[in-house]
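Undergrad: one predicted model, sequence on top.
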Amino acid sequence: MITPRFSCDQTSDTLIVSLYCPSVRASDVEINVDDTLLAVYINPYFLRLHFPHSVIEDDSSTALYDPGTGYLIITLTKAVKGQAFPDLDLLAKLLAPRSPQTPSAPSIEILETPQGEDDDSELSRRTTKLTLEENDEFLRAAENDWQVPQTLPEAASEVLSSSKKYYGFLNKYTGYFMHAHTENEINELGNNAESCDLDERFSLRIMHENEKWDEEHYMADYADDEYIQELIAWEDPANNSDVIYTEQEKIEMFGLPRKEYIIDGIEERNLYLTLITLLFAYAYDVRTTLHDPTPESAWTICSLVPAFSALDQPPYTSTTSETTRADHSLFTDVDLISTMATSYRRSLAFPLYRSYQLSEACRRDVASYMTQGKRMVTRCLLETRRILDHHEVYYVYSRIWLDDFCVWIQTRASDNVLQQLAGRLDALQIAKHVVGWELEQLEEATRFAACKSSDSDDESTE
């Protein structure tokens, strides 16, 4: 079946769904409305949407098909008139599977086997119980619109654990680097990408950053920073504006995978921290290209995200207690500083413009994106995904990270958490020494050399 392109709109009393399904017969349309669920079937198209509130199909509801444009317009009545339906522009959220209801306890439970029964009776009772369990599974499936309920797997024992190493979104990908591309310049793990554990990834990343750190490059950019100051002062006109998705962005959201995520508190917390590094890399590229991506943009973004280049994702510190980590509303300063310090290090070691002040500007940009909520963050992630998808090697990072992130940010992320993080990041003080390199001493040496050179010029003039 083909999922048609669609869009949703609303009035105070109605919900309007527009589907693009050209070259079909209007008489073949089948529409089913069940509480918050809308299912539309018209061969070869099928669409199932889950709305935040209930809708009903009454006498005022309509379905009109225009064969000239190929659009089917469905108008439904809100169960509670005047109720606002949020997030109708987040297509991935509407397409996401509905959370399954908690199954009720079986109506029949056998506590013990009565004494005196023969083997045939025991076999008959077990067969009956198995049949009841199967029927119960079918009933639960029907209640969940024939979607498979998702459950967290039990933790595997050390003996049965696989030798495979996982990475990417929720650490659920593997095998993508079995044949490492020689063209993948940002892969810091090389042929060991599939075998490195978490500690090895962290150690190799730190070692690679230290190797790439160039004191002379930093001092040169510090001494001659006229153009960098222009980049810092530049304001992106696309930032701090109302987010109305373009047709291209809608098509991109429509092409995202339909997934349901079961995430615990620690995993969700780490996703928000990873999001900070993604937005930082995006902000750096936007600011240094004046929001006009270049052929080097994919390399720049991937180089700045440690979860891409070294498959090393937050948290980057082990000092926070597990109790604190279980509550995503409590991001400690240690969490945020260690995450931002990692992004700062990479922005000072790899790209063309290496400036601590530029990194500070990117941090404020990240705070600005998050302040505007998941719509702006979704736009940033979609643009990053678009850049990587057009690269013959780095597209792999869209598959193992950005596809899922674009779905998660629409379906599970919280505007309140994003705005809380934005306020914390905007006020965060990142001391230069936490980066791990002697930035202050280098800057002082550069100023001293410039002052000495100026004095020498004055003496020669006299």
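TA: That came through, no problem. Residues are numbered from 1 along each chain as shown.

Undergrad: contacts only, for the spatially closest residue to Gln10 that is not a sequence neighbour.
TA: Of all residues not flanking Gln10 in the chain, Phe85 sits nearest, at 5.3 Å (CB to CB, 6 or more residues apart in numbering). Backbone N, C-alpha and C define where each C-beta goes, glycine included. Residues counted as contacts of Phe85 (CB atoms under 8 Å, 6 or more residues apart in numbering) are Cys8, Gln10, Leu15, Phe51, Pro52, His53, Lys78.

Undergrad: can you list those in CSV and add secondary structure and distance to Leu271?
TA: Shown next, in CSV, are these (DSSP: H, G, I helix; E, B strand; the rest coil; distance: CB to CB, whole Å):
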residue, secondary structure, distance to Leu271
Cys8, strand, 27
Gln10, strand, 30
Leu15, strand, 31
Phe51, coil, 25
Pro52, coil, 22
His53, coil, 27
Lys78, strand, 33
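
Undergrad: so where does the residue nearest to Gln10 fall, helix or strand?
TA: Using DSSP states H and E, Phe85 sits within no helix or strand.

Undergrad: returning to what we had before: closest to Asp264 out of the contacts of Phe85?
TA: Checking the contacts of Phe85 against Asp264 with CB to CB, the nearest one is Pro52 at 23.9 Å.

Undergrad: quick check: phi and psi on the closest one?
TA: Here is the backbone geometry of Pro52 (degrees, to the nearest 10): phi -70, psi -20.

Undergrad: just to revisit the earlier point, quick check: the residue nearest to Gln10 vs Ile56, distance?
TA: Counting by CB to CB, to the nearest Å, the separation of Phe85 from Ile56 is 13 Å.

Undergrad: between the two, what contacts are shared?
TA: With CB under 8 Å, 6+ apart as the test, Phe85 and Ile56 both reach Lys78.

Undergrad: which residue is nearest the centroid of this protein?
TA: Closest residue to the average C-alpha location of the chain: Phe405 at 1.9 Å, with CA atoms, centre = their mean.

Undergrad: what's whichever strand or helix holds it packed up against?
TA: For Phe405, the host element (DSSP H and E) is helix 403-411. On a contact count with 3 or more CB pairs under 8 Å, 6 or more residues apart in numbering; DSSP states H and E, helix 403-411 meets helix 91-95, helix 265-289, helix 374-389.

Undergrad: let's go with 7 Å and repeat that
TA: With contacts defined as 3 or more CB pairs under 7 Å, 6 or more residues apart in numbering; DSSP states H and E, the packing partners of helix 403-411 are helix 91-95, helix 374-389.

Undergrad: pull the CA atoms of the shortest one into CSV?
TA: Yep, that's helix 91-95 we're talking about. C-alpha atoms of helix 91-95 as CSV (Å, rounded to 0.1, in the frame of the first residue of the first chain):
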residue,chain,number,x,y,z
LEU,A,91,3.4,14.8,10.3
ALA,A,92,5.6,12.1,11.8
LYS,A,93,3.7,12.4,15.1
LEU,A,94,0.4,12.0,13.3
LEU,A,95,1.7,8.9,11.5
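
Undergrad: same for that helix, what does it pack against?
TA: Using 3+ CB pairs under 7 Å, 6+ apart, helix 91-95 sits against strand 45-50, helix 247-254, helix 403-411.

Undergrad: could you pull up the mean pLDDT of the longest one?
TA: It refers to helix 403-411. Averaging pLDDT along helix 403-411 yields 96.

Undergrad: other residues contacting it?
TA: If you take CB atoms under 7 Å, 6 or more residues apart in numbering as the criterion, helix 403-411 is touched by 90, 92-93, 96, 169, 256-257, 259, 261, 271, 278, 374, 377-378, 381-382, 385.

Undergrad: from those residues, which would you call buried?
TA: Neighbour counting with 16 or more other CB atoms under 10 Å marks 90, 92-93, 96, 169, 256, 259, 261, 271, 278, 374, 377-378, 381-382, 385 as buried within those.
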